[in-house]
Every structure is written in C-alpha cells, then in structure tokens.
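K.L.:
here is a sequence with its predicted model. Questions after.
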Amino acid sequence: MKAKVYLDFNATHPILPQVLEAVVHAEQQAFGNPSSLHWAGRAARKALYEARRKLALGLGVSPDSILFTGSATEANNLVFRGHYEAFPSARTYAVSAVEHPSVLRAAEALRNKRARVLFLDVDRDGQVDPRKLRVVLEKAGLEGGLLSLMAANNETGVLFPVSEAAEIAHAHGMLFHTDAVQALGKVPFDLESMGADFASFSAHKIGGPKGVGLLYVKNKRSMEPFILGGSQEFGLRAGTENVAGAVGFAKAFEIASEHLDAFEAHTRALKEVAVCRLKERIGGVIVHSEGARTLPSTLSIGFEGVDGDALLMGLDMEGYALSSGSACSSGKIEPSHVLLAMGVPRRVAQASLRVSLSLSTTRKEVEGLCDAVEGVVARLRASR
C-alpha cells in the first residue's frame, strides 16, 4: 500500500494536536454564550477576550481592532460591502487581478452596483510594481475608496509590497486592505508598521480549526455591518461568537510565531530540493514566479506536454495530495486565473501544480514526490 503524503498546506493545514486540545478544553470549560451575564457566559467572554488579546499582541495592534468572523472569505466580503455602505460618495475600488476569488467576486459585485472598480495587472512573475501602481492610480484618477492587495498569493506564493501599497493608497485618500491569509505564520507580520486599514486572516491555514476567521479594522467608522442582529464584535458582525474556534486560532498563531524561523529555513530548503530535482530530471519544466520573492513553502510549477488533470490524478494514485493550477467550475476545468494574468500560456497553466509545504514535511516526502512526478509525466507524454 502506497504511503499517503499531504503537500497541500495552502489549501488547509491539519489541526495541530495542541490546538485541538485547546479547542476541546474551551468547548468544555467555556461553553457559555459570551453575551450571557451568568458564570458560564463570563467564562466564555473571558476566553474570547484572551484569544483576541493574544492575536492582537502577535499582530502588533490593539484588541479592540480585532473582529472574529466565520472565515477569511466572510472577512473579505465584510470589508468591501461594509466600506461600500459607509462611504457612498467614495465608491472606487482597486484590486490586483490575482486576488483570491472572495476579493475578486466581492469587487465585481460592487461594480454591478455601479461602483468604480479597477483590476490591476501583474508582471510575468505575478508581482505588482509599486511605481507602476502609483502611476496607474494617478492615470485612473482614483481618489478615495479602497485599494486591496494580498500579502502573499495563494497559488504562486508571491509576496506583495503591501507596505508600499498602503502608503500609495493613503496618498490617494484611499483606505488599504490586505488579504493576508497565506502570509500569516509564514513570514514576519506587523499590521501597525504595515499601515493597513483592514486585514483578513484564517485559522485553518496555520493548523487552527476551520470555521473561524479574523478581520483587523483600524477604524470602525470606516465600515458598516452587513450581518445584522446582536451587538457582537463591536456591532460589526452579529451572531454568537465561536469561542472555541477563537481560542484555537490564538493557539495556532502562537505556535506558528514560535517556529517562524525554523519554518522559513526548513521549507525553503525543501523547495530548493524539489526545484533542482525536477529541473534535472524532467524537460519542459516551468517554475512560475521564479524571479519574485515568494513564500518559502510554496512552489508553483508547470509541465509542458501533459494534461494537468491527468497529472494530478496520477499523483493522487501515487499517494500525493497536491493542488492543480486549474479550478473546476460547473464541471469544466479552467486554467488558474492567477497564472493567466501572469501571461502563462493556457496549455501550461492547465498543466501546473502547486506544492505547499509545512514544518512537518520531510525531505524524503519531497524526494518521493519528485520521483512520482517524473514517472507520471513520462507516462502521460508517452501516451500522447
């Protein structure tokens, strides 16, 4: 029986044992509704506050700027819809063409409501040049509104110049939002020095539980709620809080922060092993975003002359869990919008894989993956 090897940590990270323990403890000891006044409610409220405080401390911001949500997707939607409602006279938005679908679709939805939306191009490495960004915003005449640029791309791992982007946004009277889901726990992060007005995060990408996200809001007057009900989360996100999820998020972030240097060194070394082996053994290999600064743990790579879906299934049969450079929509396989925006040919975009590593990934697993890719690619090319 083939061993199962998980190399899709950008999609989700298995919950860490210490996090699971913290979640179970919270479910048992802080099970009350945080809005209740009795002892059970107070215990839950205290646990929620401690989770908020720990996350805020790690991010370099104040606890009252942290909102818990059900996911980063919800957080992203809350930013765009909330800003749209709060500033009816400044409905202009700029987002990169390689953002997560939750940002792109939120922006598109506002355009359908007659907001002005600009989709920013990226270069061949999938990067946004701050100098060009400034020129584009000036030419477009964007003043006021919101600029959104992700901290790290979920497919290529490209690290974006978010601090410079925030400065440029503010120079144009715009607020700045970053979808920082993939950067959290993988690179150093300080929201205050970055200058962001909003930032979105997700627990399950760093070994926390699913179903809990986080939104940083620098100024609560910069948005209106779109989930209405009670006064939870400072009146900006109604609904009984997921206390155990928040506790798990804080624990996962604590662990990730403690191992940040080890994570960077370990995963970068493994990525270099993968790139070298695949280039040496297989022809027609394209490493996407090779000229850009990327997350140490993310590798996006294409193979000429093969079908990406068949490659993914072949590797799955070998026991390797990876992501494709394509996404399934209505039963039709489409190339990654990120790779297409970078100018990658459709045939290569459809035959691309994303390998995402963790601190638990071993060199043996990466070498085994390279062997498996070599064999599957050879079989697919021979069958053409």
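P.N.:
Structure received.

K.L.:
can you list the buried residues in stretch 364-382?
P.N.:
Neighbour-count burial for stretch 364-382, with 16 or more other C-beta atoms under 10 Å as criterion, is recorded at E365, V366, G368, L369, C370, A372, V373, V376, V377, L380. All C-beta spots, glycine's among them, are computed from the backbone N, C-alpha and C.

K.L.:
any chance you could list what contacts that stretch?
P.N.:
Stretch 364-382 is contacted from outside by 3, 5, 7, 270, 273-274, 277-278, 281-282, 303, 305-307, 310-311, 314-315, 318-320, 353, 355, 357, using C-beta atoms under 8 Å, 6 or more residues apart in numbering.

K.L.:
again with stretch 53-63
P.N.:
Among residues not part of stretch 53-63, those counted as contacts by C-beta under 8 Å, 6+ apart are 49, 52, 65-66, 189-193, 199, 214, 216, 218, 249-250, 253-254, 257.

K.L.:
and what of stretch 125-137?
P.N.:
For stretch 125-137, the external contacting residues (C-beta under 8 Å, 6+ apart) are 94, 96, 98, 118, 120, 122-123, 147, 149, 153, 156, 158, 160-161, 164-165, 168, 171-172, 174, 288-292, 338, 341-342.

K.L.:
now do the phi/psi pair for N10.
P.N.:
As for N10, its main-chain torsions (degrees, to the nearest 10) stand at phi -70, psi -20.

K.L.:
helices of the protein, residue ranges please.
P.N.:
17-29, 39-59, 72-86, 101-111, 130-140, 162-171, 191-194, 243-258, 260-281, 308-317, 337-341, 346-349, 363-382 (DSSP state H).

K.L.:
that older thread, of the contacts of stretch 364-382, buried ones?
P.N.:
Buried residues within these, defined by neighbour count using 16+ other C-beta under 10 Å: 5, 7, 270, 274, 277-278, 282, 303, 306-307, 311, 314-315, 318-320, 353, 355, 357.

K.L.:
does A97 touch D123 like I think?
P.N.:
No - A97 lies out of contact with D123 (C-beta atoms under 8 Å); the separation is 11.1 Å.

K.L.:
lowest confidence element among the helices and strands of this structure?
P.N.:
Ranked by mean pLDDT, DSSP states H and E, the helix or strand of the chain with the weakest confidence is strand 326-329, at a mean of 46.

K.L.:
out of the helices of the chain, the one nearest P209 is which?
P.N.:
Shortest distance between P209 and the helices of the chain, using C-beta to C-beta, is found for helix 243-258: 4.3 Å.

K.L.:
what's the closest one packed up against?
P.N.:
For helix 243-258, the elements it packs on are helix 17-29, helix 39-59, strand 66-69, judged by 3 or more C-beta pairs under 8 Å, 6 or more residues apart in numbering; DSSP states H and E.

K.L.:
what pLDDT does the model give L322?
P.N.:
According to the predicted model, the pLDDT of L322 comes to 94.

K.L.:
how far away is it from A30?
P.N.:
37 Å (C-beta to C-beta, to the nearest Å).

K.L.:
and the two? which has more neighbours close in?
P.N.:
Remark: of L322 and A30, A30 carries more neighbours, 23 against 20, as counted by other C-beta atoms under 10 Å.

K.L.:
quick one: residues contacting that one.
P.N.:
Neighbour list for A30: A43, A44, K46, A47, L48, V243, A244, V247 [criterion: C-beta under 8 Å, 6+ apart].

K.L.:
what of L270?
P.N.:
With contacts taken as C-beta under 8 Å, 6+ apart, L270 has the following neighbours: L357, T361, R363, V366.

K.L.:
skipping adjacent residues, who's closest to it in space?
P.N.:
V366 (4.9 Å; C-beta to C-beta, 6 or more residues apart in numbering).

K.L.:
mind picking the two most distant members of the buried residues of stretch 364-382?
P.N.:
Farthest pair in those, by C-beta to C-beta: E365 and L380, 22.1 Å.

K.L.:
CA-only coordinates of stretch 298-313 in PDB, if you can.
P.N.:
Written as PDB, here are the backbone C-alpha positions of stretch 298-313 (Å, rounded to 0.1, in the frame of the first residue of the first chain):
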ATOM      1  CA  THR A 298       5.000  27.500  -1.900                       C
ATOM      2  CA  LEU A 299       6.100  26.200  -5.300                       C
ATOM      3  CA  SER A 300       4.000  26.600  -8.500                       C
ATOM      4  CA  ILE A 301       5.400  24.600 -11.400                       C
ATOM      5  CA  GLY A 302       4.200  23.700 -14.900                       C
ATOM      6  CA  PHE A 303       4.900  20.800 -17.200                       C
ATOM      7  CA  GLU A 304       4.700  21.100 -21.000                       C
ATOM      8  CA  GLY A 305       3.100  18.400 -22.900                       C
ATOM      9  CA  VAL A 306       0.800  16.900 -20.200                       C
ATOM     10  CA  ASP A 307      -2.800  17.200 -19.100                       C
ATOM     11  CA  GLY A 308      -2.900  18.800 -15.700                       C
ATOM     12  CA  ASP A 309      -6.000  17.000 -14.500                       C
ATOM     13  CA  ALA A 310      -4.400  13.600 -15.500                       C
ATOM     14  CA  LEU A 311      -1.200  14.600 -13.800                       C
ATOM     15  CA  LEU A 312      -3.000  15.500 -10.600                       C
ATOM     16  CA  MET A 313      -5.000  12.200 -10.600                       C
END
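
K.L.:
same question for it, mean pLDDT?
P.N.:
Rounded to a whole number, the mean pLDDT of stretch 298-313 is 93.

K.L.:
same question for stretch 258-272.
P.N.:
Mean pLDDT, stretch 258-272: 98.

K.L.:
buried stuff in that stretch?
P.N.:
Of the residues in stretch 258-272, those buried by neighbour count under the rule 16+ other C-beta under 10 Å are F263, E264, H266, T267, L270, K271.
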